[in-house]
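1. Please work out how this folds:
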Amino acid sequence: MKLTEALARVHAAPDGPEIGAFFDFDGTIIHGYSGVHFFRDRLMAGKVGPVELLGTAINGLRGTDTEADFERFVAVAFKAWAGHTDFELRQIGRNLFESTLAGLVYPEAWQLIRAHQAKGHTLVIASSASRYQFEAAADALGVPNILYTPLEVVDGVLTGRVDGASLWRSGKARAAREFAAEHRLDSDRSFAYSNGGEDVEFLAGVGNPTAVNPDAGLTKAAGARDWPILRFRGRGGPNLTDLVRNVAGAGTMLGTAGAAIGLGLLRRDRRGAMDMATSVGSELALTAADVKVRVRGEANAWSARPAVFIYNHQSQLDPVILARVLREGFTAIAKQELANDPVLGIPLRLAGATFVDRKDGDRARSALAPVVETLQEGTSVIIAPEGTRSLTPMIGPFKKGAFHIARQAGVPVVPVILRNTGELLWKHGTFVRSGTVDVLVAPPVPVADWPLEEFDERIAAIEDLYRTTLSEWPAAETKGE
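-> Numbers count the residues shown, from 1 in each chain. Now for the predicted structure:
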């Protein structure tokens, strides 16, 4: 089964909360296993003692084939958490999601979750892990219900014991059935997704099971039961080819910026130098990195200049994609830290970007004042109204600055919607993956006559445009390369 077919099956399902969508976590929503990262984090922090290290190694060698094996494994793993507070472990889990696990979320899983959300289905993440390992991910993905192996907590402190039954194999299937009964779900029309052979009973509890990235056991069971199999692109580390492509891409960007500076000095033409750095540099850098760009609504990028181009921000790849789409005649507003970025800093400074210290609101506002003049002189500006990169493709709240600047300058706002940049280079990533970025340039939005009392409402409508477009990307043929 292709992802498009899986999404079509969700879209064809009935609307409403009586339809459940149950997702396993490790290996299904994220690449790999959250427990490994928790253990490594504690190991690097010097919090893993010799007894735990030996027990974990022995359990790893034994493997987990039966429920007794799993109970033995969690007895060792969770015993080491005794003495930690519930608050402390939740914070560790949140920090680990932001630093590591968010980059392992399968974009395809996010699309499936968004499709179920759009249908009003009841979403659940069910995992044999503890809540601390995936609660932050559930929050970020907008999944309100989680089923997990419960740990005993006394006066806010963990005892190191499991509080009841583990959610592995029959335990997970039973927990899902009980949840469905309690919430009056229609199991025959509900959905479930998992990657492990231990979850055959869990998947069999619904009418629409899907084997996602299945292991050998689940592959065999899915074939015997005629269940669809869905495979996602891996989110593992870079290989030698990735390294070569990234070095070539960064070198091309810097080399083009250097050549542009030289030409600009010779011709005394800073604007021309900047346009060369952005248009030629971005094209060559993306080609070297094997990143293709497909654009819809490209005419909207040229129909009303100067303009304030706003975009959803997921990746340091975003400015390069925008340079490829807009080509020339623009500058940027960027966070202060990017001024010294080894790849983007030089092109941004060459382009006359305004660098804003987001930690100092007064200085940020004063730094933005000349931007209105820049627009009135005929140069467009690109701004990320979310203010910071998102950990997931979810759209964050838009700040008002971009819209106030456009209103004062008397120019329109042009929404540019980026899809897949976070997939190719996530927020904390250092390597760009090869692939295709989809871009939609929406029609210009005149803001000069927006009444100030309606700003919140009108900005919310533009936010909704981004959310709707990302969840229901236009299916018509795209233009560009």
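2. for the host helix or strand of residue 98, which positions count as buried?
-> Counting by DSSP states H and E, the element that carries residue 98 is helix 86-99. Of all the residues in helix 86-99, those buried under the rule 16 or more other C-beta atoms under 10 Å are 89, 92, 93, 94, 96, 97. Bear in mind the C-beta positions are built from the backbone N, C-alpha and C, glycine included.
3. Find the helix or strand that the closest residue to the last one other than its chain neighbours is a member of.
-> Closest residue to residue 97 apart from its sequence neighbours, by C-beta to C-beta, 6 or more residues apart in numbering: residue 136 at 3.8 Å. Take DSSP H and E as the rule and residue 136 turns out to sit in helix 131-141.
4. Could you name the helices and strands sitting against that helix?
-> helix 34-44, helix 86-99, strand 122-126, strand 145-147 (3 or more C-beta pairs under 8 Å, 6 or more residues apart in numbering; DSSP states H and E).
5. what angle sits between the helix holding residue 98 and helix 131-141?
-> 50 degrees (axes from the mean of the first three to the mean of the last three C-alpha atoms, to 10 degrees).
6. roughly how far is stretch 97-117 from the heart of the chain?
-> Shown here is stretch 97-117, whose average C-alpha point lies 6 Å from the average C-alpha point of the whole chain (C-alpha atoms, centre = their mean, to the nearest Å).
7. which ones are touching residue 1?
-> Listed by C-beta atoms under 8 Å, 6 or more residues apart in numbering, the contact partners of residue 1 are 210, 228, 229, 230.
8. Pick the one among those residues closest to residue 308.
-> Using C-beta to C-beta, residue 230 comes nearest to residue 308 of those, at 40.0 Å.
9. Tell me the spacing between that closest one and residue 6.
-> Distance, residue 230 to residue 6, by C-beta to C-beta, to the nearest Å: 6 Å.
10. Give me the common contacts of those two.
-> Residues touching both residue 230 and residue 6 by C-beta under 8 Å, 6+ apart: residue 210.
11. Mind checking the helices and strands packed on helix 131-141 for the one nearest to residue 330?
-> Among the helices and strands packed on helix 131-141, if distance is taken as C-beta to C-beta, the winner is helix 86-99, at 31.1 Å.
12. Send me that closest one as PDB with only the CA atoms.
-> Extracted in PDB, the C-alpha atoms of helix 86-99 (Å, rounded to 0.1, in the frame of the first residue of the first chain):
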ATOM      1  CA  ASP A  86       7.300  12.100  38.200                       C
ATOM      2  CA  PHE A  87       8.000  15.700  37.300                       C
ATOM      3  CA  GLU A  88      11.700  15.000  36.700                       C
ATOM      4  CA  LEU A  89      11.000  12.200  34.300                       C
ATOM      5  CA  ARG A  90       8.400  14.100  32.400                       C
ATOM      6  CA  GLN A  91      10.900  16.900  31.900                       C
ATOM      7  CA  ILE A  92      13.600  14.500  30.800                       C
ATOM      8  CA  GLY A  93      11.100  13.000  28.300                       C
ATOM      9  CA  ARG A  94      10.200  16.500  27.000                       C
ATOM     10  CA  ASN A  95      13.800  17.500  26.600                       C
ATOM     11  CA  LEU A  96      14.700  14.200  24.800                       C
ATOM     12  CA  PHE A  97      11.800  14.700  22.400                       C
ATOM     13  CA  GLU A  98      12.900  18.200  21.500                       C
ATOM     14  CA  SER A  99      16.600  17.300  21.200                       C
END
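13. could you give me the average pLDDT of that helix?
-> Averaging pLDDT along helix 86-99 gives 89.
14. C-terminal to that helix, what's the next element?
-> Note on helix 86-99: by DSSP H and E, the next helix or strand toward the C-terminus is helix 107-118.
15. Can you list the buried residues in that following helix?
-> Per 16+ other C-beta under 10 Å, helix 107-118 contains these buried residues: 107, 108, 109, 110, 111, 112, 113, 114, 115, 116, 117.
16. Now the second one: closest residue in space, sequence neighbours ignored.
-> It stands for residue 108. residue 232 (4.4 Å).
17. if I look at the one you found, how far off is residue 116?
-> Shown here: residue 232 relative to residue 116, a distance of 16 Å by C-beta to C-beta.
18. got the residue ranges for the helices in the stretch 251-400 of the chain?
-> Secondary structure of the stretch 251-400 of the chain, counting by DSSP state H, counting those that start in this stretch: helices at 270-288, 318-326, 345-350, 361-376.
19. weakest of the ones you listed in terms of mean pLDDT?
-> Between those, the model is least confident about helix 345-350 (mean pLDDT), which shows a mean of 60.
20. Which residues does stretch 446-460 contact?
-> Stretch 446-460 has contacts (C-beta under 8 Å, 6+ apart) with 385, 398, 400, 403, 406, 407, 410, 411, 412, 413.
21. Packing partners of the strand or helix carrying residue 211?
-> Assignment of secondary structure by DSSP H and E places residue 211 within strand 208-212. With contacts defined as 3+ C-beta pairs under 8 Å, 6+ apart, strand 208-212 has these neighbours: strand 191-194, helix 200-204, helix 216-225, strand 229-230.
22. and stretch 417-437, how far out from the chain's middle?
-> A distance of 9 Å separates the C-alpha centroid of stretch 417-437 from that of its chain, computed with C-alpha atoms, centre = their mean.
23. For it, list the C-alpha coordinates in CSV.
-> This file holds the C-alpha atoms of stretch 417-437, laid out as CSV (Å, rounded to 0.1, in the frame of the first residue of the first chain):
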residue,chain,number,x,y,z
ILE,A,417,3.5,27.3,2.2
LEU,A,418,6.4,24.9,2.4
ARG,A,419,6.0,21.1,2.7
ASN,A,420,8.7,18.6,3.4
THR,A,421,11.6,21.0,4.4
GLY,A,422,11.4,19.6,8.0
GLU,A,423,11.5,16.1,6.5
LEU,A,424,14.7,16.8,4.6
LEU,A,425,16.4,18.8,7.4
TRP,A,426,14.7,18.9,10.8
LYS,A,427,15.1,21.6,13.4
HIS,A,428,18.2,20.3,15.1
GLY,A,429,19.5,18.4,12.1
THR,A,430,22.9,18.9,10.4
PHE,A,431,22.5,16.9,7.2
VAL,A,432,20.1,17.5,4.4
ARG,A,433,18.4,14.4,3.0
SER,A,434,17.7,14.1,-0.7
GLY,A,435,14.1,14.5,-1.8
THR,A,436,11.5,16.9,-3.0
VAL,A,437,10.1,20.0,-1.4
